[in-house]
Every structure is written in C-alpha cells, then in structure tokens.
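*Asks:* Make a model of this:
(one chain, ligands or ions: 2)
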Amino acid sequence: MKNKYMKVLSGICVMPLLTACGNRADTMQSADLFAMDTYMSIKACGPEADAALAEAEAKIRVLEQTFSVTDEASDIGKINRADGQPVAVSADTVSVLQTAQKMNRESGGALCISLYPVLRAWGFTTGEYRIPAADEIKALLRNADDTQIFAEGRTVRCPADTEIDLGAVAKGYTGDAVMEIMQAHGISSAIINLGGNVQTRGSRPDGTAWTVGITDPFAPDSLIGTVSVTDRAVITSGNYERYFTGEDGRRYWHILDPADGCPADNGLVSVTVIGGSGAECDALSTALFVEGTQQAAEHWRRSGDFEMILVTSDGELLLTEGIAADYTAKKEMPCRVVQRDEKP
Ligand code: AMP
Ligand code: MG
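*Replies:* Ligands and ions are numbered 1, 2, ... in the order given. Here you go, the predicted model:
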C-alpha cells in the first residue's frame, strides 16, 4: 500500500503550491486520508480552504460508509441482502446507480456493477485469489444483469440473486461530491487524488494548467507522459492496478469482461478518460477498458463529451484528437492520434 501511495503521489505534479499565494488564507491547504481502501489527497487554495477540506473529508467518510459492500448496514449492503424487495437509500446511492446504468447502456453492457459475485469468485474482493472453474463463472453470470436493477426517487430494487458493487464508479462520484463542496466554499483552485483518480477545479493558483501524470502500465512506478488540464477529471483504469499471477504463469486482473466473466483482454492495458464529470469518467474508464481498442474508439466518436488516452497491450499509445495537444510524452513509444472523422 505504501508503494501505491508513493506511486499515486508521484503521478501528480503540483509543484509550486506553497509559493503561489501570499498569506495563509490564500495558501494551498492539503489533507491526506485513507478511505475507500485507498490513499486520498485533497489540495485547495482559498480563504475557506480549511473549512472546505474538513467538509470534504466528512463527506468522503459518509460516502465510504454508504457505498461499502462489506458493511451490511450500508446502502449497498442493504440492497445486496434485500432478497428482491425495495430498499430505501440515500440520494447519493440513487444518483451513482443511475450513472452506472447510463454507462451500462452506452457501453453495450461492458460496465456491469452486478458482476460482484464473479469478482468474489476470483478473490478480487478479499485478496484470496483463485481461478474459478468455467461452470462456476457461467452460473454466477446468470445473475449479472444491470438492466434488472431499478433506482428511482429514493428507492432501489435489485433481483434476489443479484449483488452489486460500486468499485468502478464510487471514487469518481466521490470526487464530484468533493468538487461541489469546493465550489460552495468559493474555492477556485483545487486538485484531488482519490487513489489515482485525479480531479481538478480551475487552474493552479498561479493561473497555469494542472499537470497530471499518466502511469506507465508496463512499469507502474514511472510515467508514460503528462497531461495538462483545467477543470477536468483524469481517471485511469489499468490491468496493473490489482492482479495476481496464476499457477499457469498468466496475469489475471481485476477488470472483468461481463461477456465471459474473465479479466477483460480486448487489446488494452490502460485507459485514461478526461472529462468534466468524475463519476462518468470513472464509469467510462472501466467500460472502455472492457470494450477494447476498436469499440472504445467508436464509443468516443459517438459520445463527444470526453477524451481518452489508451495504451494497447502491444505497447502503442492512442490519443484522441481533443487531448493530443495537451499531452507531453515522457516515454518513447509508438503513438497515434485517433481522429473523429476517421473511418473505423
Ligand atoms: P476501475 O479501477 O474504476 O476500473 O474499477 C475496477 C473495479 O470495478 C474492480 O476492482 C471491480 O471491483 C469492479 N469491476 C470489475 N470489472 C467490472 C465491470 N466490467 N463493470 C463494473 N465494475 C467492474
Ligand atoms: Mg472506473
């Protein structure tokens, strides 16, 4: 975990923090915490920065509890144990579920929050890794269908044998909630890193863009490049983040393809999504990873409200045209810019 923390911190370059503003009220304030099973850091500059950080930390703790899949009393715990009955939940839970369902539709089912029992069978929920038998996966997949989950008003209904987990979207949603708190406190310059999910508000205190590092999926302690952004979320899904090596010597990673319940292996090892909504970027990074190189490019062409940085399993870098000018390479690798009007 310590290593991951170091990696995460090294992934963001926020250098001239304390020198950018004169007095304490305008100094970049920061808070570090461990929540949602990951290290988080929040930095904000403005007269109300202290209050904003305290409120942000409190909100993260509430959402951590609300979205916890292991806590039987959490919203997700209650949904998973409701045996098909409607459950009263918080507005946050309905909202995050609606984002997940939108992305399930827009990705042709690639994002599937009801894969939880399959993830458990692989041991990704506990760290007790194993390779489940094909029959076991097949049986569990029968209950993995996000279209059967209904989230409206303050109520969620989920079929009796279906269980959900928000691992693919919770941190992005939480980042949006933190950014709303920043806005309410008049913070015009903030950057947060929730376990590698980076979200920015405005620009750095000196008016220049934020620089966010993109991890090298083949050497996760280093970067392939950086991207300059203002007011954007930069969220990555990668096969290097959580994985185990089977007795067969192969690597098995934590993002599963709902088509077969096995680690998604559709030509990509890393997907970074850059956009305005943390929840959507988080959902998208997981979905596009599953969709694979061709379908991810088509999804991007259809959508128009995000940009992406893909690394293929054979070591090529693909940048969509809207982000190419903001990308600075740190590693030499074959690179191609994906154009919107290109014929697939
Ligand atoms: P992320 O790092 O945002 O891509 O989220 C990956 C996490 O989402 C995994 O650790 C699982 O908990 C969960 N997950 C894995 N595969 C999927 C999938 N196809 N759809 C939704 N959630 C998934
Ligand atoms: Mg995600």
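
*Asks:* Point out where this protein drops to low pLDDT.
*Replies:* The chain contains residues with pLDDT under 70 at 1-26, 343-344.

*Asks:* Looking from ligand 1, tell me which residue of it is nearest.
*Replies:* Gly167 (2.7 Å; Cβ to the nearest ligand atom). Heads up, the C-betas are built off the backbone N, CA and C, glycines and all.

*Asks:* where does the stretch 51-200 of the chain come near ligand 1, residue by residue?
*Replies:* Leu111, Cys112, Ile113, Leu115, Leu119, Phe124, Asp165, Gly167, Ala168 (Cβ under 6 Å from any ligand atom).

*Asks:* Can you name the two of those that sit furthest apart?
*Replies:* Leu111 and Phe124 (16.0 Å; Cβ to Cβ).

*Asks:* Which positions in the helix or strand containing Ile76 come out as buried?
*Replies:* Using DSSP states H and E, Ile76 sits in helix 75-80. By neighbour count on 16 or more other Cβ atoms under 10 Å, the buried set for helix 75-80 is Asp75, Ile76, Gly77, Lys78, Ile79, Asn80.

*Asks:* What of stretch 256-264?
*Replies:* Quick answer for stretch 256-264 (16+ other Cβ under 10 Å): Leu256, Asp257, Pro258, Gly261, Cys262, Pro263, Ala264.

*Asks:* which residues does the fifth one bridge with?
*Replies:* What it means is Cys262. With DSSP bridges as the criterion, Cys262 is bridged to Asp257.

*Asks:* Between all of the buried residues of stretch 256-264, which two are at the greatest distance?
*Replies:* Across those, the longest distance by Cβ to Cβ is 11.8 Å; it joins Pro258 and Pro263.

*Asks:* residue boundaries of the helices in the protein?
*Replies:* Under the criterion DSSP state H, helices of the chain are mapped to 2-10, 49-67, 75-80, 91-106, 116-122, 134-141, 170-184, 278-303.

*Asks:* follow-up on the earlier one: for ligand 1, tell me which of the buried residues of stretch 256-264 show up nearby.
*Replies:* Leu256, Pro258.

*Asks:* Reformat the buried residues of stretch 256-264 as JSON lines; add distance to Tyr39.
*Replies:* Below are those laid out as JSON lines (distance: Cβ to Cβ, whole Å):
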{"residue": "Leu256", "distance to Tyr39": "24"}
{"residue": "Asp257", "distance to Tyr39": "28"}
{"residue": "Pro258", "distance to Tyr39": "29"}
{"residue": "Gly261", "distance to Tyr39": "30"}
{"residue": "Cys262", "distance to Tyr39": "29"}
{"residue": "Pro263", "distance to Tyr39": "25"}
{"residue": "Ala264", "distance to Tyr39": "25"}
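
*Asks:* hmm, back to that, between Leu111 and Phe124, which one's more packed in?
*Replies:* Leu111 (29 against 24; other Cβ atoms under 10 Å).

*Asks:* dump the residue contacts of that one.
*Replies:* Leu111 makes contact with Ala100, Met103, Asn104, Asp146, Ala168, Val169, Ala283, Leu284, Thr286, Ala287, Val290, according to Cβ atoms under 8 Å, 6 or more residues apart in numbering.

*Asks:* and the two most separated of those?
*Replies:* By the measure Cβ to Cβ, Asp146 and Leu284 form the most distant pair in those, at 15.1 Å.

*Asks:* more neighbours, those two?
*Replies:* Leu284 (34 against 21).

*Asks:* So the more buried one is in contact with Met103, correct?
*Replies:* Yes: Leu284 is within contact range of Met103, at 6.4 Å (criterion: Cβ atoms under 8 Å).

*Asks:* Which strand runs longest in the chain?
*Replies:* strand 219-229 (DSSP state E).

*Asks:* ok, now how distant is the residue lying closest to Asn193 once chain neighbours are set aside from ligand 2?
*Replies:* Spatial nearest neighbour of Asn193, excluding adjacent residues (Cβ to Cβ, 6 or more residues apart in numbering): Ser41 at 4.8 Å. Ser41 is 19 Å from ligand 2, where distance means Cβ to the ion, to the nearest Å.

*Asks:* Also Ala51?
*Replies:* Distance of Ala51 to ligand 2, computed by Cβ to the ion: 30 Å.

*Asks:* Around that residue, how many other residues sit close by?
*Replies:* 16.

*Asks:* ok, for it, nearest residue in space, not its chain neighbours?
*Replies:* In space, Ala51 is closest to His185, 6.0 Å off (Cβ to Cβ, 6+ apart).

*Asks:* Would you agree the one you found is in contact with Cys45?
*Replies:* No: contact criterion Cβ under 8 Å: His185 and Cys45 do not qualify, at 11.0 Å.

*Asks:* what about the two, which has more around it?
*Replies:* Cys45 (26 against 19).

*Asks:* Ser189 is in contact with that one, correct?
*Replies:* Yes: taking contacts as Cβ under 8 Å, Cys45 lies within contact range of Ser189: 4.3 Å.

*Asks:* Overlap in contacts, the two.
*Replies:* Common neighbours of Cys45 and Ser189 (Cβ under 8 Å, 6+ apart) are Met28, Pro205.

*Asks:* What residues does the residue nearest the centre of the chain make contact with?
*Replies:* Per Cα atoms, centre = their mean, the C-alpha nearest to the average position across the chain is that of Asp282, at 3.3 Å. Residues near Asp282 by Cβ under 8 Å, 6+ apart: Ala168, Val169, Ala170, Lys171, Gly172, Tyr173, Gly175, Asn197, Ala233, Ile235, Val273.

*Asks:* Thank you, goodbye.
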